[in-house]
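Colleague: Predicted model and sequence follow; I will ask about them next.
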Amino acid sequence: MDVVLASSSPARLRELRAAGLAPRVVVSGIDEGAVTAPTPRALALTLARLKGDASLATLDPNADLVLLACDSVLDLDGVAVGKPGTDQAVRERWRSLRNRDAFLTTGHYVVVRRDGVARTASAAATTRVRFANVSDEEIEAYIATGEPHQVAGGFTIDGYGAAFITGLGGDPHNVVGISIPLLRSLLADLGVAWTSLWQVPGR
């Protein structure tokens, strides 16, 4: 079955490939900044659904497929924190994050379409993230890499930011932007075995 990832995130694509899938990427192009929701969890779920539905609308309506869409936000004291965008925003973000915990929430939206009939499922995963007591000099060095500007919460655990994350509580894949165990569960609810999507080399 055709597997589609409705996300431009290279990290999500890498995670899925490492887990045995070979998705093709169809980017939705929605304006994330125009979307609001009452809680970080609701925002992540809403953005995932909007991305998924927008990508689905561009595909052949008769094709059987599995579509995966995700969006991540950092929950800092109940406030949704997205991509910082600028040096100053990264600087302020990291000064507020250092030596404390925050929660990375990723909304997941799955569509399974067979014989023209589409079924959907959605859920959010949340992982506690413990940030190191980084110095101002380390923050400036991190800013200089360019990495934190366009990632949810202004950090990664699979790049330069890995040195500044001292602990996780929950699924580590989720912090990269996609919870593989949660996807397996959602697909099972829709009648698709995760292992049926594996692309095993040489088989």
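Modeller: Thanks, I have it. Numbers count the residues shown, from 1 in each chain.

Colleague: So for the protein, the centremost residue is which one?
Modeller: By CA atoms, centre = their mean, the chain has its centre lying nearest to Gly177, at 2.6 Å.

Colleague: List the contacts of that residue.
Modeller: With contact taken as CB atoms under 8 Å, 6 or more residues apart in numbering, Gly177 is in contact with 7, 9, 11-12, 15, 70, 72, 106, 152. Every residue, glycine included, has its C-beta placed from N, CA and C.

Colleague: The least confident helix or strand in the chain by mean pLDDT: which residues count as buried?
Modeller: Using mean pLDDT, DSSP states H and E, the weakest-scoring helix or strand in the chain turns out to be strand 79-81, at a mean of 88. Buried residues in strand 79-81, counting neighbours by 16 or more other CB atoms under 10 Å, are found at 80-81.

Colleague: quick revisit: what pLDDT is listed against the residue nearest to the centre of the chain?
Modeller: Listed pLDDT for Gly177 reads 93.

Colleague: what about it, distance to Ala48?
Modeller: From Gly177 across to Ala48, the span is 11 Å (CB to CB, to the nearest Å).

Colleague: Residues in contact with both of these two, list them for me.
Modeller: Shared contacts of Gly177 and Ala48 (CB under 8 Å, 6+ apart): 70, 106.

Colleague: Tell me, how many residues neighbour Gly116?
Modeller: A total of 9 residues lie near Gly116 under the criterion other CB atoms under 10 Å.

Colleague: tell me, how many neighbours does the closest residue in space to it that isn't next to it in sequence end up with?
Modeller: Nearest residue to Gly116, sequence neighbours excluded (CB to CB, 6 or more residues apart in numbering): Asn62, at 5.9 Å. Asn62 has 8 neighbours, counted by other CB under 10 Å.

Colleague: how about the contacts of Gly177 in CSV, adding secondary structure?
Modeller: Listed next are these as CSV, based on DSSP: H, G, I helix; E, B strand; the rest coil:
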residue, secondary structure
Ser7, coil
Ser9, coil
Ala11, helix
Arg12, helix
Glu15, helix
Cys70, strand
Ser72, strand
Thr106, strand
Ala152, helix
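
Colleague: Farthest pair within those?
Modeller: Spanning the widest gap among the contacts of Gly177 are Glu15 and Ala152, at 14.4 Å by CB to CB.

Colleague: List the residues that contact Pro148.
Modeller: Per CB under 8 Å, 6+ apart, neighbours of Pro148: 84, 90, 93-94, 142, 154-156, 161.
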